[in-house]
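Trainee: Next come a sequence and a model predicted from it.
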Amino acid sequence: MSLITTIPLAIAVLRVPLVHEPKDTVQHAAASLRRAERFAAFAQAQSLVVAGGALPSVPLTDLADAEYYGQVKIGSPPQTFTVIYDTGSSNLWVPSATCDNCKKKGDFYNSSSSSSYVPNGKPFALQYGTGSCRGFLSSDATSVGGLTIKNFSFGEVTHEAADVFGTAPFDGILGLGPPAAAIDHVPMPMAQMVAQGLLQANVFSFYLASNRSAGSTLVLGGTDDSLHSGAFTYVPVAKAAKLLPYWLVSAKDVSIGGESTKACNWLTGCEMVVDTGTSVIAGPPKAVGKLLSKIGNVTADCSNVHTLPTVTFSIGGTDFPLGPEYYVLRQPTPTGQFECLLGIEGINAGVPIWILGDPFLRKYYTVWDADEQRVGFALAKHP
């Protein structure tokens, strides 16, 4: 029986467990290349914005490099899928039973097996830097964390970029980005949970564990005080988000060891995407180059990590320091050893935006508040 009929009142807060899957050095290098190519496609799209006034397509955040994933259930009886919960995109998609090149060991949605399936058939496509995924829209009962949304629209993918998704440890993506970024403007899952009386607030938060620790959690409807210390610092969504459909916040400065890198424009600052779907911190190549020149090199054997300086992001009038234990990634090698590398990269996105990816979000428990159009940060509690 659906929880819609058994829950008399909307739930205040619900926890969804997430799994962390780190990448080895070879996979990380491949992901860096995909990021560069994906943002090259984004830069080309931005040139069309000036001429046409609107984005012709919505590029995905670096989904193949996203490391935290959980489950979603679709249909009646429910069919289970492993998906990335991604704040950098805004659609749910899973492989269809009719997919012609999806990985053989994945899960596939079969509409003929669901009594709550409602056909749509409208074409669905998401552009990725090295390819795309495409198919058609369908509607069905969709359950997240045990809460079931009636008649939710999602993409049934019939063809995907095999080099991007073919070896991924997940089936699809569940986007939690802004509604403006959703293909065909399909409803957002959080908004539908509120509209259907499943949750009280359109608010969600992520706790990302470090060093392969368990406990990574997506909290629906609010925050969990056991996962952070101190109060949240809230920052309004940047005005630039009206043009760029992301969870954007404005930063005033990026400094190293207390000294400004001059990486942000003195008048407009830096616009930063708060994104669970990217496993590094990324920014304009010139600005990131200033950071890296001051940080220096990290040795592959990790022996000098403790000597590296603290990077501080000044957001909303508050400084958020990030030490090397977060921005240096310890990647497993094919030989079973570990290798250290910097989790900070320069990316040409066509517009000077930054991405606050998982290194930042591992230190700061983060809440996305669609009701108040703001993002909040608090120090995460780690073992």
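Mentor: Received it, and whenever you're ready, just let me know what you need. Being a predicted model, the structure only gives us computed values, none of them experimental.

Trainee: can you give me the helices for the stretch 151-300 of the chain?
Mentor: Listed in chain order, the helices of the stretch 151-300 of the chain (DSSP state H, counting those that start in this stretch) span 162-165, 189-195, 285-295.

Trainee: Lowest average confidence across those helices, which one?
Mentor: Among the helices of the stretch 151-300 of the chain, helix 162-165 carries the lowest mean pLDDT, at a mean of 79.

Trainee: mind saving the C-alpha coords of that helix as CSV?
Mentor: Output in CSV follows, covering the C-alpha atoms of helix 162-165 (Å, rounded to 0.1, in the frame of the first residue of the first chain):
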residue,chain,number,x,y,z
ALA,A,162,28.3,4.3,-23.0
ASP,A,163,31.8,5.8,-22.3
VAL,A,164,30.2,7.9,-19.6
PHE,A,165,27.7,5.6,-18.0
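
Trainee: which of the helices of the stretch 151-300 of the chain sits most buried?
Mentor: helix 189-195 (a mean of 21; mean count of other C-beta atoms under 10 Å). C-betas here are computed from N, CA, C, even on glycine.

Trainee: can you pull the contacts of Thr366?
Mentor: Going by C-beta atoms under 8 Å, 6 or more residues apart in numbering, Thr366 touches 205-206, 274, 375-377.

Trainee: Kindly recompute the last result at 6 Å.
Mentor: Applying C-beta atoms under 6 Å, 6 or more residues apart in numbering to Thr366 gives the contacts 206, 377.

Trainee: host element of it?
Mentor: strand 364-369 (DSSP states H and E).

Trainee: From Ala251, how far off is Gly323?
Mentor: Plainly put, Gly323 is 18 Å away from Ala251 if you go by C-beta to C-beta, to the nearest Å.

Trainee: Neighbour count for the two, which is higher?
Mentor: Each of Gly323 and Ala251 has its neighbours counted (other C-beta atoms under 10 Å); Ala251 has more, 20 against 15.

Trainee: Wait, that one touches Cys270, no?
Mentor: Yes. Assessed by C-beta atoms under 6 Å, Ala251 is found in contact with Cys270 at 4.4 Å.

Trainee: quick one: the helices in the stretch 1-150 of the chain?
Mentor: Going by DSSP H, counting those that start in this stretch, the stretch 1-150 of the chain shows helices at 3-6, 25-52.

Trainee: Where among those is average confidence lowest?
Mentor: Mean pLDDT across these is lowest at helix 3-6; the value there is a mean of 36.

Trainee: Strands along the stretch 1-150 of the chain, start to end?
Mentor: 14-17, 19-20, 68-74, 79-86, 92-95, 118-128, 131-144, 147-159 (DSSP state E, counting those that start in this stretch).

Trainee: I'd like those as CSV, with distance to Phe108, mean pLDDT and mean neighbour count appended.
Mentor: As requested, the strands of the stretch 1-150 of the chain are exported to CSV (distance: least, C-beta to C-beta, whole Å; pLDDT from 0 to 100; neighbours: other C-beta atoms under 10 Å):
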stretch, distance to Phe108, mean pLDDT, mean neighbour count
strand 14-17, 22, 87, 16
strand 19-20, 20, 80, 16
strand 68-74, 11, 91, 23
strand 79-86, 8, 92, 21
strand 92-95, 5, 96, 26
strand 118-128, 16, 87, 16
strand 131-144, 12, 91, 21
strand 147-159, 9, 95, 22
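
Trainee: In JSON lines: those, plus distance to Gly172.
Mentor: JSON lines is the format used below for the strands of the stretch 1-150 of the chain (distance: least, C-beta to C-beta, whole Å):
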{"stretch": "strand 14-17", "distance to Gly172": "16"}
{"stretch": "strand 19-20", "distance to Gly172": "15"}
{"stretch": "strand 68-74", "distance to Gly172": "8"}
{"stretch": "strand 79-86", "distance to Gly172": "5"}
{"stretch": "strand 92-95", "distance to Gly172": "4"}
{"stretch": "strand 118-128", "distance to Gly172": "11"}
{"stretch": "strand 131-144", "distance to Gly172": "9"}
{"stretch": "strand 147-159", "distance to Gly172": "7"}
